[in-house]
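Undergrad: what's the 3D shape of this:
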Amino acid sequence: MKSIATVPGSGTLQLVERPEPELTTPDDVKLNITRVGICGTDREIAHGGRAEAEPGRAELVLGHEMLGQVVEVGEAVTSVQPGDLALFLVRRDCGLGLPCCADRSDQCFTGQYTERGIKARDGYMTEFVVDREKYLVKVPDDLGDLAVLTEPLSVGEKAIDEALKIQVARIPGAEYDSFLEGKKVLVAGLGPIGMLLAFALRLRGAEVWGMNRSGPDDPAAKLLEEIGGHHLNGREQNVYDLDENVGPFDLIFEATGATQLMFDLIDALGTNGAYVITGIPEPEGKVKLPGGELMQQIVLNNQVILGTVNASKAHNEQALRDLQACRERFGDAIDRVITHVVPYSEFEQAISERAPGEIKTVLDFTMVGG
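TA: Okay, the predicted model is just below:
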């Protein structure tokens, strides 16, 4: 079967042949891959960034945002049957420590987890995949191809969930289900995770301000305003003026991975505010900042700064529910987060560089280009 792979660190992409996988245990499920999303991590790996092939292999098959159709199940599988739409999670537990033993590998203590398409485990840019039922999430039939957005949205769902749990625990009178209603929230970065965060926050009644480095005609800016959000052009906006001009913000969600900006945004956070970081910057990134002033602000204003990565199965299930709710409330606006659908055979350019006006590009494994 055809698979899209790279030799980690090489900065090259190629279409390779791999044996079609077979069921080996009673709880195995086999999916025919239909769509795989391309994200910043895939592009980083494709350009020679952080990645690790499976033991004994030189190549790593890319892709961790996926959707497929069940074609075969083991005799012990009960949650799906052939013909169902489903997806597999990204991370696999290390088998050590309480989080992984409790099926929360997103909170792995040891760092010995593996990740599909990223770390020591082949990904989903291939025609067929077999994995265990415990890592599978069934997709509602009416959601269709939109469900390929589940994984990036699940990252946002975890960010929201953890911020709410912290705020409800420390602020008297706060309630989980209603906390975001009317709250002023900044989403920095309107790529797939940031854009989907904006949708999820609007569902929960937040006043959402989204910032990226573009003008009002940018597709992401237009989409944000269509669902009732407000757009900020990061090229024109001095970040240190945000708290006076727009904020301060009750919550800030960062989805840029821009090192300097990640620190600068602290200035816009309000009293008792929570700042959640999802972007992953380059490790050599350097910053200049008014350190004493920022630390004083964090202490005197009871502020929380939280980093979060990956997501649990429950967050993926919540992402599916929110995608359905977005369809009901915002119509086809949520579908337009997917701006480009490309046949898998045209993978090289799609993975190597962002297309003009791109929010999310998806490889379609049911299509073959010319």
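Undergrad: hmm, Val71 is touching Glu127, no?
TA: No - the pair Val71 / Glu127 is not scored as a contact, 10.5 Å apart, by C-beta atoms under 8 Å. Where you see a C-beta, it was placed from the backbone N, CA and C, and this is true even at glycine.
Undergrad: between those two, which is the more surrounded one?
TA: Glu127 (17 against 14; other C-beta atoms under 10 Å).
Undergrad: circling back: need the residues touching each of Val71 and Glu127.
TA: Shared contacts of Val71 and Glu127, defined by C-beta atoms under 8 Å, 6 or more residues apart in numbering, comprise Asn32.
Undergrad: relative to Asp28, how far out is Phe88?
TA: 11 Å (C-beta to C-beta, to the nearest Å).
Undergrad: so for those two, which residue has more residues nearby?
TA: Each of Phe88 and Asp28 has its neighbours counted (other C-beta under 10 Å); Phe88 has more, 24 against 20.
Undergrad: my guess is that one meets Tyr124, correct?
TA: Yes - contact criterion C-beta under 8 Å: Phe88 and Tyr124 qualify, at 7.2 Å.
Undergrad: joint contacts of these two?
TA: With C-beta under 8 Å, 6+ apart, Phe88 and Tyr124 have common neighbours Met66, Gly68, Arg116.
Undergrad: need these in a markdown table with distance to Phe347 and pLDDT, can you?
TA: Compiled in a markdown table, the shared contacts of Phe88 and Tyr124 are given as follows (distance: C-beta to C-beta, whole Å; pLDDT from 0 to 100):
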| residue | distance to Phe347 | pLDDT |
| --- | --- | --- |
| Met66 | 14 | 98 |
| Gly68 | 17 | 98 |
| Arg116 | 17 | 98 |
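Undergrad: show me the contacts for Ala163.
TA: So Ala163 contacts Leu251, Phe253, Ala274, Val276, Val304, Leu306 (C-beta under 8 Å, 6+ apart).
Undergrad: who wins for neighbours among the residues you listed?
TA: Sorting the contacts of Ala163 by how many neighbours each has (other C-beta under 10 Å) puts Phe253 first, at 30 neighbours.
Undergrad: my guess is that one contacts Leu190, does it?
TA: No - Phe253 is beyond contact range of Leu190, at 11.1 Å (criterion: C-beta under 8 Å).
Undergrad: need the residues touching each of these two.
TA: What both Phe253 and Leu190 touch, as defined by C-beta under 8 Å, 6+ apart, is an empty set.
Undergrad: for the stretch 1-150 of the chain, which segments count as helices?
TA: Secondary structure of the stretch 1-150 of the chain by DSSP state H, counting those that start in this stretch: the helices cover 40-46, 98-101, 150-170.
Undergrad: and the average pLDDT for the last one is what?
TA: For helix 150-170, the per-residue pLDDT values average out at 98.
Undergrad: run the chain-centre distance for it.
TA: 12 Å (C-alpha atoms, centre = their mean, to the nearest Å).
Undergrad: let me know the next secondary structure element after it.
TA: For helix 150-170, the following helix or strand on the C-terminal side (DSSP states H and E) is strand 184-188.
Undergrad: so what does the lowest-mean-pLDDT helix or strand in the chain touch, helix or strand wise?
TA: Least confident helix or strand, the chain: helix 242-245 with a mean of 92, by mean pLDDT, DSSP states H and E. In terms of contacts (3 or more C-beta pairs under 8 Å, 6 or more residues apart in numbering; DSSP states H and E), helix 242-245 is not packed against any helix or strand.
Undergrad: in that helix, which residues are buried?
TA: Leu242 (16 or more other C-beta atoms under 10 Å).
Undergrad: other residues contacting it?
TA: With contacts defined as C-beta under 8 Å, 6+ apart, helix 242-245 is touched by Leu186, Leu232, Gln237, Phe249, Leu265, Asp267, Ala268, Leu269, Gly270.
Undergrad: could you rerun that using 10 Å?
TA: With contacts defined as C-beta atoms under 10 Å, 6 or more residues apart in numbering, helix 242-245 is touched by 186, 188, 209, 211, 232, 237-238, 248-249, 252, 264-265, 267-270, 297.
Undergrad: how about stretch 79-87?
TA: The contact list for stretch 79-87 (C-beta under 10 Å, 6+ apart) reads 27, 29-35, 65-73, 124, 129, 133-145, 147-148, 150-151, 154, 316, 319-320.
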